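Peer 1: Here is a sequence together with a model predicted from it:
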Amino acid sequence: MFKLICKISWASLKRRKTRSLMVILMISLSLWGLLFMEGIYDGMTEQMITNAIRSDCGDLTIYAKDYRLERKITQLIPDHRALKRRLDRDPRVRSTNTRILQDGLVATAHYSRNCLIIGISPKSEKKHGQLDNYLIAGHFDFGRRNNGAIIGAKLARKLKIGVGKKIILSAQDTQNEVSAISLKVRGLLRTNNMLFDEMAVLIDQNKAAQMLSTGKGISQISILLHDEQALEPLQKELQARQPRLAIFRWDEIYPALLQGRVMMKGFNMVTNLIVFCVAGLGIFGVMLVSIMERLREFGILLAVGTSFRQICWMVIGESLVLGSIGFMSGAVLGGTTLFYFHRQGLDLSLFSEGLETFGVDSITYALIRPEYFLYSLLAVILATLISVILPLRMLKKANPVEAIHTL
Amino acid sequence: MTTPFLSIDHITKIFHPSQEIEVIGLQDIILCFDEGEFVVISGPSGSGKTTLLNIIGGLDHATSGTVTLVDQVITGLPESQLSALRRDRIGFVFQAYNLVPVLTGRENIEYIMKLQGKSQQECDVRTEAISDKLGIRDYLEKLPNQMSGGQQQRVAVARAVAAKPQLILADEPTANLDSASAENLMGMMQQLNEDEGVTILFSSHDPLVINKARHSVILRDGRVFQDQ
Amino acid sequence: MFLKFALKNIRAYTKRSLVTILLTTVSTALLIFSSGWMNGSHKTMIKSSVEVYPGYLQITNKDFRESPSFDHLIFESKQVAKILDTTPGISVFGRRFESFVLYSTGPRSIGGRFTGIEPDTEPFLSRLKSSLKKGHFLETTDTGQVYMGIELARKLGVGVGDQLSFIGTGADYSFAADTITVKGLFQTGLFDFDATSAFVNLDYFQDIMAGDNMATHFIVLPGDKDNVEQLARTIANRLGPEYQIVSWMQSMSGLVRAMEIDSIFGYLTLAIIFIVIFFVIMIYTWLAVFARIREIGILRGIGTSPRQIFQLLLTESVLLSLLSIVLGTLLGGTLSWYFSVHPITFSGYEEQFKQYGLVAAAMPTEFAPLTILRDAAIMLILSVGSTLYPILQVIRLPPIKAINHV
């Protein structure tokens, strides 16, 4: 019987090729567009989060207590080496990285700007967040005598300097003295983490320790994890074990990014909802007419012994076939497009000036998540099922057996 | 020798329900009709009556052969000219669904005249005259769903005749009517034929109706079986 | 004749007409409101950002933007002021002298902006004065008083009345340093700005930084904010090639482009929704037209030409569309107007706004009749266009097929 129902459903759709095709086209085109937008928007948002995590805070960041509020150079993490060793042994931790941080002033011969001095180890940064991948000019090192600096691309633009130019860096050290050093620009970084690109001056960690008289202390330990699920448990654990330190998740350092993620989810859901409500309306129209114009046919089927339930299954079958074909073609189109832009990236460098303002990379790599397809499949199935409820009720009311006798 | 009013020369119509199947609807039909005739085309179901009327009226295309109405060859005309032909020279009465459901009886009757560009005054005069003649005054302001089958057909005939065509084609006009209404309708058409001088060709398989015609053509399996 | 006929058909097939009207009305309202919302929010973000500090028009030395150094200052600022005084179209103008210094309290030191402003004109050119949170704004007689961003003050651990020192480079490249007292604290809502900016009286600044008669910028408030480019050209003609005059559209081009991208993505999303609506209207038209196919066949049979059938069906489609679009325009326009007067506020997304340097608590929609008309026209084309395919399909059918349609 199931085979027969399928056969009848399919034949009914074939009989009305054009309008069936219109419904299928409607579902597949809208699904294609939706999947594409979802993947690109999510890709953009996640890229921004990844840039922030890789360039700055990691999944978790450790500071001395109250450092984040007061940002004093004297607020350093004590016993950081022992802590780092313990963290490196934790199976949940992928890597750790230390930095010295201090607000300062960077000056050229003609101009000066406030900046954030970051004392790093290039080797460690490469391993940890692959910071070297963000290099757009020069080298990711500080030269043989460690008297080089790597600066954010926006900062370099504001100072009108490039690789090879000299800068003077000044800042207050732990003894409240203003200390100044002369450095040569070794490289430029563009992370699209706006704060970083506009403010960061990276110098050798030992040089920073010397300049700022921090001794063996460091300002920040950033942690990258294997699995995001370990974020909150590890944070709680660390905080309990280290009451003199403050441990933050990335979304606590960059709440705007988390808000962005939430907003994007909400936006995608609303768009999905609108599209599937309207698509459901389209399917409803076609199914209603399909049923009403076959009243005599249903009457004959009922007269020869088919149950109303079986008729319902025929109608539902028809609607599901429409929906499934639409979904499959849309999913294939959407999936192919997403896969392409996942590998090649969507090149938006035409809009790079504007994108920079938002901290968005010029090339966006789309995300492909199984839930895109799952949710849209659920939506299509729901739309097809809900859209036949009313037509079936009208069919029951219309009394098909009587309809046999009408013209 | 005078030119016949309507001549049908070697008309053949072959249908192709699918690529492999061929159905011969009409085969080498030769017929001639004079102006003002009242003709019935009869025959069993599937004999080709409707097909022949449709080809004469330009609604369908013949596979081969020609149809000539007075001086104009109808077969092979482009669609725009066929529309003009059906508007100005040929009137149609169908078996069912004749009237436009949203227009009243009056508006249905005036429809073709309006297509012809006649003024409202001319339409009013003609509509009054025809509706008096056909006794359909009472239905002029009604919608088709407020009329019986017979009333609808009478309004359809009125519409066909109001536009003053040279030829009226009626495809089984009484098929859905009871015998009294059918009798009534046929009488009306006969009267019109005599008064207006319009040539009427109708198809039917009802013997009571067939007897009304002066010229009878019988089709069988797509061929002319009898023409008298 | 067909107009009357079309109206009768619309009335007779109420269900179909109502569905089409509803769909098109809602779509029109959606498009108009979305456009108003996008344009309104963008304009607000830009306006707020421009008016907080950057200003509508900036005058600098012709080389300053390329190479912002003390070599490329406005050296004759008083003479420039005299010329601007007599230039028509200027509402207010004022000078600024921007530089960077290292601020220092006992235990802390932070780099930040150090800018000399004219306290009598600055309140008209920016929102500095209106952003006052504690203490007082500057006066033209102030020396050694600083008006500081609240976040910068917090980082330095100072409040109103506290003293701090600064050290920087003067206009003659010598060291410039002094002790200053916090007179007032401001909060614009732009976190970065509030965390890095401090202002002093220009006279004092010029004195301490050896910058007599000098400035880095003139900021101009135009009389007509919509004709800034025109004013820029006028000023450029008067001042000559030594100076560069830049409108906010250029100085904040990044933000302008960002808003453009946001619009593009916004319209793309709308386009997806409208593809679906297009098809749904097409489907409903298809169903409606083919439900009347026998009737259309009869009409063909009695002499109506295909062109006349097209005219009839198109008239129906246009009438339905026009009615829907008028309703949708009224609905969308009313919503746009209402939310332009009672803006939508965004609680919960302040962090996002702060990060992008946007100051916008309340986002009004834009109520622009021309844009509304444009959107209405788009919807008209879309809704009539979506009915064309079914109509053309039905008139292509030979009359006999239409009459015999099952």
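Peer 2: All right, it came through fine.
Peer 1: What is the burial count for residue B:217?
Peer 2: 23 (other CB atoms under 10 Å in any protein chain shown). All C-beta atoms are positioned from the backbone trio N, CA, C, and that covers glycine.
Peer 1: Please enumerate the strands of chain B.
Peer 2: Under the criterion DSSP state E, chain B contains strands at B:6-15, B:23-33, B:38-42, B:64-69, B:72-73, B:90-93, B:167-171, B:199-204, B:215-220, B:223-227.
Peer 1: List the buried residues of the third one.
Peer 2: Just to be clear, that refers to strand B:38-42. Buried residues in strand B:38-42, counted by 16 or more other CB atoms under 10 Å in any protein chain shown: B:38, B:39, B:40, B:41, B:42.
Peer 1: With distance to chain C added, can I get these in CSV?
Peer 2: Listed next are these as CSV, based on distance: CB to the nearest CB, whole Å:
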residue, distance to chain C
B:38, 21
B:39, 19
B:40, 20
B:41, 17
B:42, 21
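Peer 1: The residues you listed: which two are farthest apart?
Peer 2: With CB to CB as the measure, no two of the buried residues of strand B:38-42 lie farther apart than B:38 and B:42, at 13.4 Å.
Peer 1: Could you dump the strands of chain B into CSV and include distance to residue A:66 and mean pLDDT?
Peer 2: Converted to CSV, the strands of chain B look like this (distance: least, CB to CB, whole Å; pLDDT from 0 to 100):
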stretch, distance to residue A:66, mean pLDDT
strand B:6-15, 93, 92
strand B:23-33, 95, 90
strand B:38-42, 106, 91
strand B:64-69, 101, 92
strand B:72-73, 103, 90
strand B:90-93, 95, 89
strand B:167-171, 97, 91
strand B:199-204, 102, 91
strand B:215-220, 106, 89
strand B:223-227, 108, 85
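Peer 1: Can you tell me the SS state at residue 97?
Peer 2: All of this is about chain A. strand (DSSP: H, G, I helix; E, B strand; the rest coil).
Peer 1: residues touching the closest residue to it other than its chain neighbours, list them.
Peer 2: Residue nearest to residue A:97 in three dimensions, not counting chain neighbours: residue A:128, with 3.9 Å by CB to CB, 6 or more residues apart in numbering or on different chains. Going by CB atoms under 8 Å, 6 or more residues apart in numbering or on different chains, residue A:128 touches A:58, A:95, A:96, A:97, A:222, A:224.
Peer 1: related to what we said a few turns ago, turn the strands of chain B into JSON lines, including distance to residue A:148.
Peer 2: Below are the strands of chain B laid out as JSON lines (distance: least, CB to CB, whole Å):
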{"stretch": "strand B:6-15", "distance to residue A:148": "89"}
{"stretch": "strand B:23-33", "distance to residue A:148": "92"}
{"stretch": "strand B:38-42", "distance to residue A:148": "104"}
{"stretch": "strand B:64-69", "distance to residue A:148": "94"}
{"stretch": "strand B:72-73", "distance to residue A:148": "96"}
{"stretch": "strand B:90-93", "distance to residue A:148": "95"}
{"stretch": "strand B:167-171", "distance to residue A:148": "97"}
{"stretch": "strand B:199-204", "distance to residue A:148": "102"}
{"stretch": "strand B:215-220", "distance to residue A:148": "104"}
{"stretch": "strand B:223-227", "distance to residue A:148": "105"}
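Peer 1: I am finished for the moment; much appreciated.
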